[in-house]
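Peer 1: I need the structure of the sequence given here:
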Amino acid sequence: MAAWGMYFALLRAPQNLACAAALFLTLGLTDPVQASDCPAAPDHSARLDGLLHEVQKAGTEDQAREIANRMWEFWADAPDAQAQAMLDRGMTRRTSFDFLGALEDFDQLIAYCPDYAEGYNQRAFVHYLRRDFAAALRDLDRALHLSPRHIAAMSGRALSLYGLSRLEEARAALAEALALNPWLPERYLADPGGPLAPAGAGDTEL
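Peer 2: Residues are numbered from 1 along each chain as shown. Here you go, the predicted model:
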């Protein structure tokens, strides 16, 4: 189940924490950022489609991992400097196991940029780490509505459904993700005898 976290570890480190700190609310000293102020997220769809094509042809896990790193560069490219600072600060807090602080940062990012998929994906991962699988699933559904071929969100959705014991849905979600990237670390769950193996291939219960 920790495999989803392997993806998030690939994200780039925060670029400017001092800037990030200045962006967050202080008690009555700053006005909340408004969603109307957030520009559209950069459109990396063509490049991501190309990387999906590459990863399906990867010959080794190392090659696939390098391609996944490049995907993360695009997914984690926030709409502007403010959004980037919020995203980076939230990831830093999550890495430090400050889950409540990370949730605050991702809440602010989503309030500011409600159409940016990565805000929901990152908040979902924090919910998942806190074992709030239902909340994670809600955020992942939103992330995938905004970015339907976001492989990490797809695999996270499979894991969240698994955490909720919704095994048939989890199998289907994982199969969909593996169809795009057969090298996902979560693929072991679908191996024969695995908990998300195809029906009739050695199902196990939680």
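
Peer 1: count of neighbours near residue 53?
Peer 2: Counted with other C-beta atoms under 10 Å, residues neighbouring residue 53 total 11. (Glycine included, C-beta is placed from N, CA and C.)

Peer 1: pLDDT score for it?
Peer 2: Predicted confidence (pLDDT) for residue 53: 96.

Peer 1: please identify the helix or strand for the residue nearest the centre of the chain.
Peer 2: Nearest residue to the geometric centre of the chain (C-alpha atoms, centre = their mean): residue 121, 3.7 Å. For residue 121, the host element (DSSP states H and E) is helix 117-129.

Peer 1: buried residues of the helix or strand following that helix, list them for me.
Peer 2: Downstream of helix 117-129, the first helix or strand assigned by DSSP H and E is helix 133-146. For helix 133-146, burial by neighbour count (16 or more other C-beta atoms under 10 Å) applies to 133, 135-140, 142-144, 146.

Peer 1: mind listing the helices for this protein?
Peer 2: 3-8, 17-23, 45-56, 61-75, 81-95, 99-112, 117-129, 133-146, 151-163, 167-180 (DSSP state H).

Peer 1: what's the closest of those to residue 192?
Peer 2: Taking C-beta to C-beta, helix 167-180 is the member of the helices of the chain nearest to residue 192, at 13.1 Å.

Peer 1: report the angle between the axes of that closest one and helix 45-56?
Peer 2: 100 degrees (axes from the mean of the first three to the mean of the last three C-alpha atoms, to 10 degrees).

Peer 1: now helix 167-180: average pLDDT?
Peer 2: 96.

Peer 1: which residues touch it?
Peer 2: Outside helix 167-180, the residues that touch it by C-beta atoms under 8 Å, 6 or more residues apart in numbering are 52, 55-56, 149, 151, 154-155, 157-159, 161-162, 184, 186-187, 189-190, 195-199, 203, 205-206.

Peer 1: which residues touch residue 130?
Peer 2: residue 99.

Peer 1: where in this structure is the helix or strand with the lowest mean pLDDT?
Peer 2: The least trusted helix or strand in the chain, going by mean pLDDT, DSSP states H and E, turns out to be helix 17-23, with a mean of 36.

Peer 1: tell me how many other residues surround the residue nearest to residue 118 when sequence neighbours are not counted.
Peer 2: Closest residue to residue 118 apart from its sequence neighbours, by C-beta to C-beta, 6 or more residues apart in numbering: residue 75 at 5.3 Å. Using other C-beta under 10 Å, residue 75 has 24 neighbouring residues.

Peer 1: confirm for me that residue 75 is in contact with residue 146.
Peer 2: No. Between residue 75 and residue 146 there is no contact under C-beta atoms under 8 Å: 11.1 Å.

Peer 1: between these two, what contacts are shared?
Peer 2: What both residue 75 and residue 146 touch, as defined by C-beta under 8 Å, 6+ apart, is the set residue 117.

Peer 1: next, count neighbours for residue 62.
Peer 2: If you count neighbours by other C-beta under 10 Å, residue 62 ends up with 10.

Peer 1: how far away is it from residue 51?
Peer 2: With distances taken as C-beta to C-beta, to the nearest Å, residue 62 is found 15 Å from residue 51.

Peer 1: OK, contacts around residue 42?
Peer 2: Contacts for residue 42 (C-beta under 8 Å, 6+ apart) come out as 74, 77, 79.
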